[in-house]
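Peer 1: Task: produce atomic coordinates for the following.
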Amino acid sequence: MPRMMNDPDFKISQEAELWAEHVAPINSLVQDLRTEKPSESGPSVQFTAPLHGGTDATILCLMPNPEPANRPEDGIDMLSSEDDNALAEAMSLLLAEAGIDAKETIVWNAHPWYRAEDETGRLNAAQMNAGLEPMARLLRLVPTLRAVILMGKGPEEFWAKIVKKYPMAVSRITPIASFSPAPLSLSGTKAQREARMERRAEAMREARSLVRPARGPAGPRRETLVRADELGPEHLGRVIEVTDGNQTLHGPLLKAFQPSPEWRVTLTVGVADQRRSLGVAADTWVRIYRGTGAR
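Peer 2: As a prediction, this is how the structure comes out:
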């Protein structure tokens, strides 16, 4: 059922889980973005709804920017495919038709801040440039991403900028061109509308085929997320995954060294029988697994 946020009980349950483990790092980023660029008319950036995969997501649904008309009148402002508006309803139906669970996805805006009331049209260059650094920060939090559905021309142009500026951060992610779920994207002749609708559906199917795991027993699941400066002796020997945005290390933790609070944390990890070290910010989120690898 689309528009589930219209159900008061469902919305309350989502608000109660706003700081669940899988979305807490992303919603911490949202809080930072709100502080960096506040708005007089209400929250400037939407939280990520916990019904989505958060830090475990494999598919990114990239939209242009949030529309002021879709800002909720009460409660916590969350971005999801179950929002009570036509755009979210269309996205929810597209996901369902492709057999993609919301837990496999995360929804984000190229320009995460609400556009001004008098702004219309596609993303402009200034908005795209402003969204680059927040996107880089988001990518560091979701190392499991394998596909991004570019929902419109604006997100396509924005992703091209991301690829140019952060090539290593997106090397694992396959971009898939699509159209916006917004009803206005289906203007034109009947043939044009049908072609766009088919392309939107095909993009979802492409993403599903890219990220769906091979048949067979599932690998070890993530146990928890820990900030780099909170790693201790109890984590030595545990399999971790950590990224600085350019490279990712995955393997047993051999050493975690932080010379002083203002310095970066140096993590030494066993990778393919070799010792590899990576310096990361103290507040970098480290994924810790129960077994010998990521699912």
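Peer 1: After the helix or strand encompassing Val226, which helix or strand is next?
Peer 2: Assigned by DSSP states H and E, Val226 belongs to strand 222-227. Where DSSP H and E defines the elements, the next helix or strand beyond strand 222-227 is strand 239-243.
Peer 1: How is this structure partitioned into domains?
Peer 2: 4-211, 222-289 (automatic domain parsing).
Peer 1: Report the rounded mean pLDDT for the first one.
Peer 2: For domain 4-211, the per-residue pLDDT values average out at 92.
Peer 1: cool, and stretch 228-241?
Peer 2: Regarding stretch 228-241, the rounded mean pLDDT is 88.
Peer 1: what's the span of it from first residue to last?
Peer 2: 11 Å (CA to CA, to the nearest Å).
Peer 1: Can you get me the centre-to-centre distance for that stretch and its chain?
Peer 2: 24 Å (CA atoms, centre = their mean, to the nearest Å).
Peer 1: neighbouring contacts of it?
Peer 2: With CB atoms under 8 Å, 6 or more residues apart in numbering as the contact definition, stretch 228-241 has outside contacts at 143, 220, 226, 242, 248-256, 258, 261, 265, 267, 269, 280-289, 291-294. Where C-beta positions appear, they are placed from N, C-alpha and C, glycine not excepted.
Peer 1: Going by neighbour count, list what's buried in that stretch.
Peer 2: Ala228, Asp229, Leu231, His235, Arg238, Val239, Ile240, Glu241 (16 or more other CB atoms under 10 Å).
Peer 1: Show me the helices in the protein, by range?
Peer 2: Shown for the chain, the helices assigned by DSSP state H span residues 8-16, 24-36, 86-98, 125-141, 153-165, 190-211.
Peer 1: Switch the ones you listed over to JSON lines; also include distance to Ile173.
Peer 2: Shown next, in JSON lines, are these (distance: least, CB to CB, whole Å):
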{"stretch": "helix 8-16", "distance to Ile173": "27"}
{"stretch": "helix 24-36", "distance to Ile173": "16"}
{"stretch": "helix 86-98", "distance to Ile173": "18"}
{"stretch": "helix 125-141", "distance to Ile173": "8"}
{"stretch": "helix 153-165", "distance to Ile173": "9"}
{"stretch": "helix 190-211", "distance to Ile173": "10"}
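Peer 1: quick one: which of these is nearest Ile59?
Peer 2: Across the helices of the chain, Ile59 has its closest neighbour in helix 190-211 (4.9 Å, CB to CB).
Peer 1: chain center to that closest one: distance?
Peer 2: 21 Å.
Peer 1: related to what we said a few turns ago, quick one: closest of the helices of the chain to Asp118.
Peer 2: Short answer: helix 125-141, nearest of these by CB to CB, at 14.2 Å.
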